[in-house]
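Novice: Just the structure for this:
(one chain, ligands or ions: 1)
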Amino acid sequence: MKSYQTIDDIRAAVQSAKQAGKTVGLVPTMGFLHEGHLELIRQSKQDCDATVVSIFVNPTQFNDASDYQNYPVDIKRDLDLLANENVDLVFLPNPQEMYPEDVPELKMSMPSLTANLCGKFRPGHFDGVLLVVSKLFQIVSPSKAYFGLKDYQQYLVIHAMARALNFPVKVLGCETIREEDGLAMSSRNARLSRKARGHAALIPRALNLVQKTLQDRRGRRSVDCAELCEIAWDVVESGTLNRVEYMDIVDPNTLEILETLVPDQEARIATAVFCDGVRLIDNRSIQF
Ligand code: AMP
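Specialist: Residues are numbered from 1 along each chain as shown. Below you'll find the model as predicted:
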């Protein structure tokens, strides 16, 4: 495994892998790796001849300075985990490398897919994601890139961006990897106290309860989404350390908020919760 800090060096390394006839898979991360990241890497290793993992805590996607400052970092541990997975190339740029001061600021946005959910509550967040991922696509030019469905809105936005900018990359979404009690793995989970960690487990429980409620209501002509979201909201906030930011049922392609569900309709329920001040997100597909 080789790691590089500059754009020129990772470009040259990718170029020589390509010249050797290898297909390249990219897994962008912000580090502090866990099993969720490792599953994306395993998928890339299965599909591609060479896997590039980037670790970059991207300042432009943090709308909250203290969230950026407190984002967990442990590069040594990350590199050990990546070596263990036989990752080929690691890209570890610093902010100056990615955003040189003498380059005028470029803004990207995708209003239609970011009006709701995290896009509504984290202004500018997806603009930063779009910018950094398109830069990574330019730098690495992978044939496939892997993203977690835990960040469902992010996956859709990146998938659409690749099409909008004609990147010759296949953007793939991988299922959410969870802890034993159902909590979606996240680097931010490391910031939860023992008590908060217990309350965080109510998030997946609430989402699963919505699917169960839908099953119980089969035979009806439609169900009211606001009522389902209220049930889930209350379950999450029965944990006194939890504060729900949003809980919405959306169309899985457009992310428009749905008011009702009819039989066989596919949808997704998505939530963001401050658990003792740590912002956690989760979602799952639901079907009536
Ligand atoms: P992050 O380091 O949080 O930016 O995440 C890097 C990539 O890993 C993103 O595509 C995430 O969606 C994905 N990811 C994070 N947590 C999980 C998880 N629990 N299961 C699957 N993918 C995940």
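Novice: Tell me where the model's unsure across the stretch 1-150 of the chain.
Specialist: The stretch 1-150 of the chain contains no residues with pLDDT under 70.
Novice: where exactly do the strands run in it?
Specialist: 2-4, 24-29, 50-55, 89-91, 144-148 (DSSP state E, counting those that start in this stretch).
Novice: list the buried ones in the first one?
Specialist: Think strand 2-4. S3, Y4 (16 or more other CB atoms under 10 Å). Any C-beta I mention is one placed from the backbone N, CA and C, and that applies to glycine too.
Novice: who in the stretch 101-250 of the chain is up against the ligand?
Specialist: Residues of the stretch 101-250 of the chain that fall close to the ligand, judged by CB under 6 Å from any ligand atom: F147, G148, K150, D151, C174, T176, I177, A184, M185, S186, S187.
Novice: mind running it again at 5 Å?
Specialist: Counting by CB under 5 Å from any ligand atom, the residues of the stretch 101-250 of the chain lying close to the ligand are F147, G148, K150, D151, T176, I177, A184, M185.
Novice: ok, those vs N86, which is closest?
Specialist: N86 has its nearest neighbour among these in I177, at 19.1 Å by CB to CB.
Novice: Distance-wise, check the closest one relative to A17.
Specialist: Distance, I177 to A17, by CB to CB, to the nearest Å: 27 Å.
Novice: Go through the strands of the stretch 1-150 of the chain and name the closest to S285.
Specialist: Using CB to CB, the nearest of the strands of the stretch 1-150 of the chain to S285 is strand 144-148, at 14.2 Å.
Novice: so what secondary structure elements neighbour the closest one?
Specialist: strand 24-29, helix 35-47, helix 152-164, strand 170-174 (3 or more CB pairs under 8 Å, 6 or more residues apart in numbering; DSSP states H and E).
Novice: which one of those has the most crowded surroundings?
Specialist: Mean neighbours per residue, mean count of other CB atoms under 10 Å, is largest over the helices and strands packed on strand 144-148 for strand 24-29, with a mean of 26.
Novice: Can you show me the helices along the stretch 151-288 of the chain?
Specialist: Applying DSSP state H, counting those that start in this stretch to the stretch 151-288 of the chain gives helices spanning 152-164, 194-200, 202-216, 225-237.
Novice: Now render those as JSON lines, adding mean pLDDT.
Specialist: Output for the helices of the stretch 151-288 of the chain, formatted as JSON lines (pLDDT from 0 to 100):
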{"stretch": "helix 152-164", "mean pLDDT": "98"}
{"stretch": "helix 194-200", "mean pLDDT": "98"}
{"stretch": "helix 202-216", "mean pLDDT": "98"}
{"stretch": "helix 225-237", "mean pLDDT": "98"}
